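Engineer: Structure for this input, please:
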Amino acid sequence: MDFIINLLAFVFSLGLIIAIHELGHLIFAKKANILCFEYSIGMGPAIYKKKGKETVFAVRAIPIGGFVSMAGEAVSTEMVKEDQTVGLNFKDGKIKEIILDKSLEREKTMRVSDFEIYDEHKTGLFLEGYVEGQLERYDILEDAFYKISVKQELQIAPYDRCFESKKYVPKLLTLIAGPAMNFLLALLLFLIVAAFTGKPQNTNVVGSLVNGSPAQIEQINVGDKIVSLNGITITNWTSIGDLINDLDSVEAVIVGVERKESGTVENITLDLRVDINQLGISNFTEQGAKTGNSGAIIGTSFGKTIDILQTNDVITSVVYNEITYPIDNWDDLLDIMPLLKGGSLRVDFLREGEPKTEFIQVWEHKVLNSQGVQAYQVLIGVSPEYGFDFIHMITYPFTATGNSFMQVIQVLGLLFGGSEQIGVNDLSGPVGIFNIVGMYVQAGFIALLGFIAFLSVNIGIMNLLPIPALDGGRILFISIEAISKKRIPRNVDNIVNNIFFILLMVLFVYITFNDVLRLF
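Structural biologist: Numbers count the residues shown, from 1 in each chain. From the prediction side, this is the model:
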């Protein structure tokens, strides 16, 4: 059942982002009077189609990608050639249908000798040829159709309805509208998130608990107040974080808790949770924190350390930049954290009493920052109360979208030479996104909306990259044309875009393959 729910959430997430993106292209293409043949969500065979006045609206089987098919994107939109025999149907004396299927009914049959269906130079649309042995010439309606089969037809695309005929600004707006709609979607979703979650309140009242946290294990409850930490009085949430940062030890911390129901104060002794994201290790398990003074006992490992260190391994020393640091407990590990800037760390540890040595990656701070991750966290496992705040609801969408924008830009900078720790192998494709969506589904619908907003910003930025086959590449091409005053030949445009589309598909398959490997 979880798989079905996660699959539906995945389709909803990508479908919403793609639909909004392509809707942006469609709206501005139509405003520019560009003929749009199809608006499609998804790729592959169509599972639903509905014909509008000019545009076919379709949902396709594979919920990845989408497109708006515009006139002028193909090398040629003319489906008639000299000496070809076609059928003709008329309206008010002008051709309204050009019949390409010999089995379809037609008013007349013509063997074509000359034609103009593109009409870049405004000489008029026409077909000329032999009808029953006589040379005839007929004008063509601007909204005439090719009848390809009983179920398939395609509207003709004169030059003035093609993308390439438009001036620079309408073309630019048409291309940039897709990514712009992604950013607008993110703003809307972050607005919904802010409206429903509210703003964290700077009080000392517990609003929620982290599942499996020290606070939950020791039965601190929602509504209780944190009134002291190691005997120091607490009156607001900010001071809780400040005091945790100033602790001499993460073990046997005395937390004063005023119970919501009785108003009595209890002193509860906690071993705090330590997550060192920079190294991929934590002292915590479902049973609580691993403590002791014979070394730092591993509770769990994660990330690139998951196959190196195991639960109950005991770190006795580490070596960084050729300096050895003895480790008696997790406090000693936290003391050396400010020294770690990247590279690798030699870890000496005991596994079931047997000495071992391994090297683990130390994530660079710029890599962690690009993911919105702290180098380490010391946690009680409580979160503050949240309350509705109108100003916060209005401002949060802009700050959250801005932060998401900068996070994606930072990752791109790291990918293109900013760090040796980040590469193509670290990217996630549809399988990775499916797994991430599943995690957010478990956290609730509002959490999922926040992730969709972030993903929408991500897709918006990626589409603006100046790579052929993406919106940014097409913006680059039309900008070159505007500056040089010369049109790039349509066949050159198509060849370059097709080559890069194939390369992107190869990258897509490679990333998906890596996603699958991570499952095992």
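Engineer: ok, residues contacting stretch 302-311?
Structural biologist: Around stretch 302-311, the neighbours that count as contacts under CB atoms under 8 Å, 6 or more residues apart in numbering are 277, 279-282, 285, 298-301, 315, 347, 349, 351, 358, 360-361. Every C-beta, even on glycine, is put in place using the N, C-alpha and C of the backbone.
Engineer: Pull the number of nearby residues for Thr399.
Structural biologist: Neighbourhood size, Thr399 [other CB atoms under 10 Å]: 12.
Engineer: same check, this time on Ile308
Structural biologist: Around Ile308 there are 18 other residues, counting by other CB under 10 Å.
Engineer: next one: phi and psi at it?
Structural biologist: Note on Ile308: its backbone torsions stand at phi -110, psi -50 [degrees, to the nearest 10].
Engineer: Can you tell me how far it is from Phe284?
Structural biologist: The gap separating Ile308 from Phe284 is 18 Å, by CB to CB, to the nearest Å.
Engineer: taking the contacts of stretch 302-311 one by one, which sit in strands?
Structural biologist: Ile281, Ser282, Thr285, Thr300, Ser301, Ile315, Val347, Phe349, Arg351, Glu358, Ile360, Gln361 (DSSP state E).
Engineer: hang on, the fourth one packs against Glu286?
Structural biologist: No. Under the contact definition of CB atoms under 8 Å, Thr300 does not touch Glu286, with a separation of 9.3 Å.
Engineer: Gly438 and Phe3: what is the separation?
Structural biologist: From Gly438 to Phe3 the distance is 8 Å (CB to CB).
Engineer: Who has more neighbours out of the two?
Structural biologist: Using other CB under 10 Å as the criterion, Gly438 and Phe3 rank with Gly438 on top: 17 against 9.
Engineer: So the more buried one, which state does it fall into?
Structural biologist: helix (DSSP: H, G, I helix; E, B strand; the rest coil).
Engineer: hmm, back to that, going through the ones in strands among the contacts of stretch 302-311, which ones are buried?
Structural biologist: Buried members of the ones in strands among the contacts of stretch 302-311, scored by 16 or more other CB atoms under 10 Å, are Ile281, Ser282, Thr285, Thr300, Ser301, Ile315, Val347, Phe349, Glu358, Ile360, Gln361.
Engineer: from these, which two are the most distant?
Structural biologist: Thr285 and Gln361 (22.6 Å; CB to CB).
Engineer: pLDDT weak spots in this structure?
Structural biologist: 1, 74-77, 431, 434, 517-520 (pLDDT under 70).
Engineer: Against Asn277, how distant is the closest residue to Asn403 other than its chain neighbours?
Structural biologist: Nearest residue to Asn403 in three dimensions, chain neighbours excluded: Gly372, at 7.5 Å (CB to CB, 6 or more residues apart in numbering). Separation of Gly372 from Asn277 (CB to CB): 11 Å.
Engineer: Check Phe349 too.
Structural biologist: Per CB to CB, Phe349 is found 19 Å from Asn277.
Engineer: Ok, Thr174 next?
Structural biologist: 42 Å.
Engineer: More neighbours: those two, which one.
Structural biologist: More neighbours surround Thr174 than the other of Thr174 and Asn277, with 28 against 17 (other CB under 10 Å).
Engineer: Quick check: phi and psi at Ala157.
Structural biologist: Ala157 adopts backbone torsions of phi -130, psi 80, taken as degrees, to the nearest 10.
Engineer: Please disregard the earlier target; I meant Lys81.
Structural biologist: phi -140, psi 160.
Engineer: Can you get me a residue count around it?
Structural biologist: Lys81 has 10 nearby residues by other CB under 10 Å.
Engineer: quick one, what contacts the closest residue to it other than its chain neighbours?
Structural biologist: Among residues not flanking Lys81 along the chain, Val112 sits closest, at 7.2 Å (CB to CB, 6+ apart). By CB under 8 Å, 6+ apart, Val112 lies in contact with Val80, Lys81, Glu82, Asp83, Gln84, Thr85, Val86, Leu127, Glu128, Gly129.
Engineer: what about the fourth one, distance to Tyr138?
Structural biologist: Looking back up the chat, that one is Asp83. In terms of CB to CB, Asp83 sits 17 Å off from Tyr138.
Engineer: Those two - which one has more neighbours?
Structural biologist: Neighbours per residue (other CB under 10 Å) separate Asp83 from Tyr138, with Tyr138 holding more: 17 against 8.
Engineer: Show which residues not belonging to the helix or strand harbouring the more buried one make contact with it.
Structural biologist: Assigned by DSSP states H and E, Tyr138 belongs to strand 134-147. Outside strand 134-147, the residues that touch it by CB under 8 Å, 6+ apart are 54, 79, 87-91, 93-101, 104, 110, 113, 117, 124-130, 153-156, 158, 161.
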